[in-house]
Structure formats: structure tokens, C-alpha cells
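One predicted model, sequence on top.
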Amino acid sequence: MTAILVVDDDERLRERLARAFVDRGFEVHVAADHTDALEVARAHALDRAVVDLRMPGPNGLTVVRDLRELRPALEVVVVTGYGSIATAVEAVRLGARDYLTKPVNADQILAAFEQEPEPGGGDDELAYEVPSLAKVEREHIERVLQECNGNVSKAARVLGVHRRTLQYKLAKFPVKR
């Protein structure tokens, strides 16, 4: 029986995914954070893990890294509501099999596990287009602005820039607030 670890700080989502995997015949273990995930990985033989990117304490990328160090054969899919190219690239570099953005269901996650990996493994030349610095900056500003509920002054403080500088950058490209 395939054992899956679900790591997510959102208890309702974690339990919903766990129930869906159990209904599909998997042995399921759950964890709310980095510490719990490593404890479960030490105590149980795991085949797969579903890891949320954002959680209190060490983030999902740290969880992926530490789980893969503990169990190198573990297949990992990262799920997040705050997707970006930079975190997707980093997740795959750390050994994640796939990177999915929420909302996501158990069937989509299982499909990500079942996909055939790219020929040649992950260490060859990357098959994605490297984003420009301006695009990465824009995505970061959009994410911070969203987290600040559209408050430009608060976002500027979080980003460590003057409010007028941020307003200038925002004028260059429209941001959905």
C-alpha cells in the first residue's frame, strides 16, 4: 500500500485531502508543519508527500529539502496558493516532482505523481524560460501588495522601499488589487 504524507497548516484542507487519499486506497499520514512532517517521516515508511508551500515556521521548500534528505526516494508534490516561477523552480531543484497551485484536488495531485518524469532527469539543461528580472520583481510586488490587501503604504514598508518608488513601479504595470 502506498503511503502518503500530507503537510499543510490548514487543518480543513489537510483532513479533506487525507480523507480523499484514504478513499482511494492509500495509507495516509498528516502533519501541520516542518517538525511534525519530519517526525512522521522518521516514524513511517513513506512513498509520497504533498507539501504546502506557506506555513508557520520553516516554509514548504525547507520541508521538501529536509524530507528528501531523510528519504531520498520520496516523491514530493508542492501545492500553494501563492505560486511564482521562482518558488516553482526552487521546489523542483530541491527534488519536488511537481508544483501545483491551489485550488487543487486529490485527483490532480495523484495525476502529478503519475506523470512520467522528463527524460534525462532534472540535472540537464532546464526546459523552461528563465524569467526576466523585471517579471520576477513584478510578481513579487503583486504578491506583497495582495498580502497587504492593496495597501500601497504598507506594501512599501514590507518591501523596504519608499511609497513613491512603489507607486512609480506600479504605474509601469497595472496590478490587480
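Looks like it arrived, so ask away. Note that this is a predicted model, so its numbers are computed, not measured.

use CA for all of it now, contacts and neighbours both
Noted.

Provide a list of residues in contact with the most centrally placed residue in the chain.
Against the mean C-alpha coordinate of the chain, by Cα atoms, centre = their mean, the closest residue is residue 53 at 3.3 Å. Shown in contact with residue 53 (Cα atoms under 8 Å, 6 or more residues apart in numbering): 59-61, 78-80.

Roughly how far does it sit from residue 114?
The gap separating residue 53 from residue 114 is 21 Å, by Cα to Cα, to the nearest Å.

Equivalent analysis for residue 7, please.
Applying Cα to Cα, the value for residue 7 to residue 114 is 19 Å.

Look at these two and report which has more neighbours.
Using other Cα atoms under 10 Å, the more surrounded residue of residue 7 and residue 114 is residue 7, with 28 against 10.

Which residues are in contact with that one?
With Cα under 8 Å, 6+ apart, residue 7 has these contacts: 14, 30-33, 37, 49-52.

What about those residues, which one has the most neighbours?
residue 51 (30 neighbours).

Double-check that it belongs to a strand.
Yes - the assignment for residue 51 is a strand, going by DSSP: H, G, I helix; E, B strand; the rest coil.

and the longest helix for the protein?
Longest helix in the chain by number of residues (criterion: DSSP state H): helix 133-147.

Kindly report the domain assignment for the chain.
3-114, 133-172 (automatic domain parsing).

got a pLDDT number for the residue nearest to the centre of the chain?
Here the pLDDT value assigned to residue 53 is 87.

The nearest residue to it once chain neighbours are set aside: how many residues sit nearby?
Nearest residue to residue 53 in three dimensions, chain neighbours excluded: residue 60, at 4.0 Å (Cα to Cα, 6 or more residues apart in numbering). By other Cα under 10 Å, the residues close to residue 60 number 25.

From what I see, residue 60 and residue 49 are in contact.
No - Residue 60 lies out of contact with residue 49 (Cα atoms under 8 Å); the separation is 11.2 Å.

what residue ranges in the chain are flagged as low confidence?
Low-confidence segments of the chain (pLDDT under 70): 116-130, 174-177.

how long is stretch 21-35 from one end to the other?
Note: stretch 21-35 ends 22 Å apart using Cα to Cα.

Name the residues that touch the helix or strand containing residue 12?
Assigned by DSSP states H and E, residue 12 falls within helix 11-23. Helix 11-23 is contacted by residues 6-8, 27-30, 32, 105-106 when judged by Cα under 8 Å, 6+ apart.
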